[in-house]
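Participant: quick one: sequence and predicted model below, then my questions.
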Amino acid sequence: MSRAVVIGAGIGGLTAALALAGKGWSVTVLEQAASIEPVGAGLAIAPNALKALDVVGAGDEVRKLSAIQGRSGIRVPDGRWLSQTTAEAAAARYGDPIVLLTRSALVGILAERLPRGALRLNARVESVDPATGRVTLPGTAETIDADLVVAADGIWSRVRTALFPRHPGPAYAGVTSWRAIVSLPGVTGASETWGKGLIFGVTPLAGGQVYCYATATVPAGLRAADEKDELVRLFGGWHDPIPALLAAADPAAVLRHDIYCLDTPLPAFHAGRVALLGDAAHAMTPNLGQGACQAMEDAVVLAERVSSHAGLASGLAAYSRERFARTLPIVRRSRTICRLTRWRNPLAVALRDGAMRAAGRLGPNVALRQGDQVFVWSP
């Protein structure tokens, strides 16, 4: 039986482990943290990612536990809509709507399906030899020999840095972000509101919870004494239900992180016996909501290619070639949208909003068609 070591127990790593196990691989998942409970945030799972989850047997449970996005679209700070669409229209076009749940719920669904004993916590990887597949853990000098190593160790991937030391690595996208899950029953419909260099997103979850996210165009590294107060300062005068959500937010639950992405593409998503996956391969800005979705796609394609080709080398080359072609346009498109959200010049903002409003008047299918390149995908 072929053996795979997956580095990182995030969404991409867990999906890869399940997909490989489903193809008959013996899988070990190494996670450096003491638990796999992710920091609280919500997650939109698009139709393409639901297809990937179906491959590993988790799609139906995710659908059952999720909220459906319902009416959604882009607004301006006074509440007027620039464009709208509906879950029904998305389901009719793509076979599924966008569904919403917490990141921790998805991680739990995936983790409980792992083979017994596959997950090792507190297991930091010291080094990986791409030629042999040998993974070294620090302290005890323990090594694990693998036929395949999957590096799903995130945007600051140490494995990627070792494989491609000349790559410049992540670049600051020009925006900082806040996230919080707020209990406020009665909020319906998802929206993203665009202001001058500012964004506020409202995403209802199941059980009366709402995932809120925001971004602001500021230099990297800035922090406020109280991040909830900073959000109130920036967004407290925006349309309902934003003020009520901010009032109900627990200050201790408001998370802030600067956004980084891989502006410079890697030369490949593999080297030797090592495959890079998810943010380690193609970290993108969150503007299309596709970071985790593309990681899940990576996972099922990787498992299929390394299992169906005559040799590991040809399977990894096929994975790398296919996923590079698939993800690069999505990374670039997401980055372009991020740049649009950073505009603060009043004239530029008025022109941007006017263009979106004009497109929105043509009906919900116009907005949906913008998603065809992303959502129309099958494993």
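Facilitator: Structure's in. What do you need? Numbering: from 1, shown residues only.
Participant: okay, CA-based contacts and neighbour counts for the rest of this
Facilitator: Noted.
Participant: would you map the helices across the stretch 151-300 of the chain?
Facilitator: Counting by DSSP state H, counting those that start in this stretch, the stretch 151-300 of the chain has helices at residues 158-163, 227-235, 242-248, 279-282, 291-308.
Participant: by contact count, what packs against the fourth one?
Facilitator: Yep, that's helix 279-282 we're talking about. Applying 3 or more C-alpha pairs under 8 Å, 6 or more residues apart in numbering; DSSP states H and E, we find helix 279-282 packed against helix 312-341.
Participant: what's the angle between the helix it packs on and helix 291-308?
Facilitator: Going by axes from the mean of the first three to the mean of the last three C-alpha atoms, to 10 degrees, helix 312-341 is angled at 170 degrees with respect to helix 291-308.
Participant: same question for helix 312-341, mean pLDDT?
Facilitator: Helix 312-341 carries an average pLDDT of 98.
Participant: can you get me a residue count around the nearest residue to Ser72 once chain neighbours are set aside?
Facilitator: Of all residues not flanking Ser72 in the chain, Ala190 sits nearest, at 4.6 Å (C-alpha to C-alpha, 6 or more residues apart in numbering). Residues within reach of Ala190, counting by other C-alpha atoms under 10 Å, total 23.
Participant: how close does Ala190 sit to Leu184?
Facilitator: The gap separating Ala190 from Leu184 is 14 Å, by C-alpha to C-alpha, to the nearest Å.
Participant: OK, contacts around the residue nearest to Ser72?
Facilitator: By C-alpha atoms under 8 Å, 6 or more residues apart in numbering, the contact set of Ala190 is 69-73, 201-204.
Participant: closest one of those to Glu31?
Facilitator: Checking the contacts of Ala190 against Glu31 with C-alpha to C-alpha, the nearest one is Thr203 at 29.3 Å.
Participant: so who does that closest one touch?
Facilitator: So Thr203 contacts 42, 69, 100, 189-191, 210-212 (C-alpha under 8 Å, 6+ apart).
Participant: ok, now with 7 Å
Facilitator: 190-191, 210-212 (C-alpha atoms under 7 Å, 6 or more residues apart in numbering).
Participant: out of these, which are inside strands?
Facilitator: 190-191, 210-212 (DSSP state E).
Participant: so which of the residues you listed is surrounded by the most neighbours?
Facilitator: Val210 (29 neighbours).
Participant: what's around the nearest residue to that one once chain neighbours are set aside, how many residues?
Facilitator: Leaving aside its sequence neighbours, Val210 sits nearest to Pro204 (C-alpha to C-alpha, 6+ apart; 4.2 Å). Pro204 has 29 neighbouring residues, counting by other C-alpha under 10 Å.
Participant: pretty sure Pro204 contacts Glu192?
Facilitator: No - judged on C-alpha atoms under 7 Å, Pro204 makes no contact with Glu192 at a distance of 12.0 Å.
Participant: if we can go back for a sec, how close does the residue nearest to Val210 get to Gly139?
Facilitator: To Gly139, Pro204 is 45 Å away according to C-alpha to C-alpha.
Participant: before we move on, back to that, would you turn the contacts of Ala190 into JSON lines with distance to Ala348 and pLDDT?
Facilitator: Output for the contacts of Ala190, formatted as JSON lines (distance: C-alpha to C-alpha, whole Å; pLDDT from 0 to 100):
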{"residue": "Gln69", "distance to Ala348": "30", "pLDDT": "80"}
{"residue": "Gly70", "distance to Ala348": "30", "pLDDT": "79"}
{"residue": "Arg71", "distance to Ala348": "27", "pLDDT": "83"}
{"residue": "Ser72", "distance to Ala348": "24", "pLDDT": "89"}
{"residue": "Gly73", "distance to Ala348": "21", "pLDDT": "92"}
{"residue": "Gly201", "distance to Ala348": "21", "pLDDT": "97"}
{"residue": "Val202", "distance to Ala348": "25", "pLDDT": "97"}
{"residue": "Thr203", "distance to Ala348": "27", "pLDDT": "94"}
{"residue": "Pro204", "distance to Ala348": "31", "pLDDT": "94"}
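Participant: which members of those residues are positioned in strands?
Facilitator: Those of the contacts of Ala190 lying in strands (DSSP E): 72-73, 201-204.
Participant: check these and tell me the two furthest apart.
Facilitator: Distances among those were taken as C-alpha to C-alpha; the most separated pair is Gly73 and Pro204, at 13.3 Å.
Participant: still on that earlier bit, contacting residues around the residue nearest to Val210?
Facilitator: 187-190, 210-211.
Participant: run the last query once more with 8 Å
Facilitator: Contacts of Pro204 were listed using C-alpha under 8 Å, 6+ apart, and they are 67, 69, 100, 187-190, 210-211.
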